[in-house]
Structure formats: structure tokens, C-alpha cells
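**Student:** model this:
(one chain, ligands or ions: 1)
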Amino acid sequence: MMKVLRRIKSLPVYECDSKNCNDTEITLEEFDSQPIYFKSVIRPMLAIGHEGELIIWLKNIGILQHSQRCNNVINNTECQGVMNWMPAKIIDQYQWRCKNCPKKRNIREHSVFQDVRCRFKDIIRILAGWCKGTDVEMLTKLLCIKKQAVNAVYNVAASVAHKYIETNLHRWKLGGPGFVVLIESYPEGFKEFNSQEYFQNHNIIPMLCIAEIKEIPTRFWLQVLDRYNPNIQEQVHNTNTIALHIIQEIVLPGSILVANLDSKICSFDVLQSLKHLYPVIVSKNGLKRHDHLNILLDNFETIWSPALHVCNEAQYYSNAHIQNFITNFLWRQKFENESFENLLHQMCYNFI
Ligand SMILES: [Zn+2]
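**Tutor:** Numbers count the residues shown, from 1 in each chain. Below is the predicted model of the structure:
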């Protein structure tokens, strides 16, 4: 117990003794100044001696449980006693204590942070980092904590975001009657404007890339596909079946689809089976014949550049984490500067 307390004391807010922490690109103070919501609502609660306020706030907004019943089993019967929220000399500063028996419960129980071990102060900053697309290594150094801790909170953030996206897919749909939607598969569709280094690795994870030509910035949908051998017909066929299914889920009917003529996945020919939903399907070459669309031809590289960057970056992630990385991109694309508050909001509805 004493050891834990000493650790809290020896970690002041804006400085850290570890020499690893001095070579970050930004200071903690700079990190805490964005987004505005974090700066105005969260930062005051991160000052020395205020961590308790942060924890109470997390309870009040519903990220931590509001109330708790005792689950102590006495003589084969669950106690079920009302529990009191009490200050405690532990890292969480509070715990639930039963009115009827000596049982105590952790305040993280039944919250999204049930399996996360680091301090709430760090958790909240890691969440803000996730919402800003901050690199795990950078955050590890900045907060002077274990990479494992950052990854654990990043996984929580990604799973909450993923669940929200899945159940609110309409908010991510692209296109609509008369709007142009580009369909490409990574890596094959990007050979002409991607550097060679990404194509020598046979373990590349393919992705379906969809771009909506409507507003600036361009909105995308990216989704990981299973690896397939381009020479095995059956594998190509299966991947196409999955990709076509994704397109129908994401792209609104009546959109004008633009596809490649010669790609294995989602080629112009393959897309013809969706003609009942998308009556106008154009090949890239075919764009030349459309006066109002041929301007796209000169802009493909610029349009795709943000998505291509994400696909390339994603290749550095393990299979288990690649989807989390894509989810992060989709979340930030949707909520932009309000990614953080929207994520917190969803966490209130995500008790296990
Ligand atoms: Zn009890």
C-alpha cells in the first residue's frame, strides 16, 4: 500500500524524472491544450491534488458506475447490501464499501476500464491521444508510462468506437443519387502512385477503399479484407463477394461508381452485379467521356492521398490491431475536433 502512495506523490503533473520522457516532440502542457474540450473541462482536474475530482466527474457523467450492490456471498446468499462510495488510500482514491459487511469493490468494476490498470489521469490523457491520432510510442514517452498501458486504453477506445460505428453505420454511408463514389482495392489499385517499398512485402493486408466525391475533405470508408492469392480464382471470388457486400452496406443506392478495369478486386466487371443499385458504373478510362467527371482523372492521387497514407501505415500493425487503427481513422474522420467528447459520451453507454 505505501509503495503505491509514494508512487503517486513522486509523479508531479508537468514533469517526470525518467530521462526517456525528455525527448518527446511536444510537452505535456501542449498536449493538454488540445482539443478545447479537454483543455477547458479535463485539464483543471489534472492539476496536482485534483485527481479525486476527475474520478468523481467520471462517476457523475456515467463512465464509472453510479451505485453498486454488494456481491459478497455469505452462507450461500449474496449480501446485496447497498455500497457507499468512500475515499480510500489506493491508487483509485475511492472504493465501494458495503454497509452490511466488510466487502469492498473496485470503482472500475462494470466500467469500460475494468481491465485497465493505470491511473485515471493517464487514462483520460490516453483517450485524448487516441482521439487525436497520437502515436503509441510518443504517448508512452510523454506520459512516462508503459506502452502496454497505452495499448490497453487504445483498445478500449477502439472497441467502444467500433461498436458505435457498427450500430450507427448510416452515419458513415457514402454517396447518394448522382454523387460519384470511387472504389479501389489496396494495394493493387494504388500501384501508380504508391512508392515501391510497400509492394515488395508479400504479407500486405488488402483493403477495400471507398471515396465519396462530394465535399472537401473527401470522406472515405476503409475496410480490411482477407489476404487472397491473386492466382487462385476461388480466393479472388470470395474476396470479391465480401467486398461487394461491404459496398452495398456503405454506398447509398444511386451513386455513380468509378472502378478499375483491370483490378482483381472490385473491377468494373465485378461491380456490374450491383447494377440494380448503382445504374451508372464507369471505368476510370470511361471518365474521359464524361465532361463533368474527367476532371477527376487529374486528381486521383490527391483525392486518395489521405486514405493511401492510412492503408500504408496500417501495414505496420499486427492483425489484431489493424482494425483498431482503421476504426480510429473512421472515428476521427467523422467527429474531427469533437472526437474526444463523443468518445466519452459513448463510453457512458458501454458498460459491460
Ligand atoms: Zn455486503
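
**Student:** got any ranges where the stretch 201-350 of the chain has weak pLDDT?
**Tutor:** For the stretch 201-350 of the chain, the stretches flagged by pLDDT under 70 are 201-202, 350.

**Student:** next one: the stretch 1-150 of the chain
**Tutor:** Counting by pLDDT under 70, the low-confidence segments of the stretch 1-150 of the chain come to 1-24.

**Student:** look up phi and psi at residue 80.
**Tutor:** Note on residue 80: backbone dihedrals following degrees, to the nearest 10 are phi 60, psi 10.

**Student:** leaving aside the residues adjacent along the chain, what's closest to it?
**Tutor:** Computed as CB to CB, 6 or more residues apart in numbering, the closest residue to residue 80 that is not its neighbour in sequence is residue 69, at 5.4 Å. To be clear about C-beta, it is placed using only N, CA and C from the backbone, and glycine gets the same treatment.

**Student:** backbone phi and psi for that neighbour, please?
**Tutor:** Residue 69 adopts backbone torsions of phi -110, psi 150, taken as degrees, to the nearest 10.

**Student:** partners of it in the sheet?
**Tutor:** Following DSSP bridges, residue 69 is listed with bridge partners residue 82.

**Student:** and the nearest residue to residue 293 once chain neighbours are set aside, how many neighbours?
**Tutor:** The shortest distance from residue 293 to any residue that is not its chain neighbour, by CB to CB, 6+ apart, is 4.9 Å, and that residue is residue 287. Look at residue 287: counted by other CB atoms under 10 Å, it has 17 neighbours.

**Student:** distance of residue 137 from the ion?
**Tutor:** Using CB to the ion, to the nearest Å, residue 137 is found at 44 Å from the ion.

**Student:** element containing that residue, please.
**Tutor:** Under the assignment given by DSSP states H and E, the secondary-structure element containing residue 137 is helix 136-143.

**Student:** next, the buried residues of that helix.
**Tutor:** With burial defined by 16 or more other CB atoms under 10 Å, the residues of helix 136-143 counted as buried are 139, 140, 141, 142, 143.

**Student:** same question, stretch 327-339
**Tutor:** If you call a residue buried by 16+ other CB under 10 Å, then stretch 327-339 has these buried ones: 327, 328, 329, 330, 331, 332, 333, 334, 335, 339.

**Student:** so what touches that stretch?
**Tutor:** Taking CB atoms under 8 Å, 6 or more residues apart in numbering as the criterion, the residues outside stretch 327-339 that touch it are 35-37, 130-133, 157-158, 161-162, 165, 171-172, 219-222, 310, 342-343.

**Student:** report the distance from it to the chain centre.
**Tutor:** Chain-centre distance of stretch 327-339: 8 Å, with CA atoms, centre = their mean, to the nearest Å.

**Student:** OK, contacts around the residue lying closest to residue 46 once chain neighbours are set aside?
**Tutor:** Nearest non-adjacent residue to residue 46, counting by CB to CB, 6+ apart: residue 121, 5.7 Å away. Residues counted as contacts of residue 121 (CB under 8 Å, 6+ apart) are 46, 51, 54.

**Student:** equivalent analysis for residue 67, please.
**Tutor:** When contacts are counted by CB under 8 Å, 6+ apart, residue 67 is found next to 82, 83.

**Student:** what does the protein put close to the ion?
**Tutor:** Listed as neighbours of the ion in the chain under the rule CB under 5 Å from the ion: 70, 72, 79, 81, 98, 100, 101, 103.

**Student:** just the buried residues of those.
**Tutor:** Using 16+ other CB under 10 Å as the burial test, those include 70, 72, 79, 81, 98, 103 as buried.
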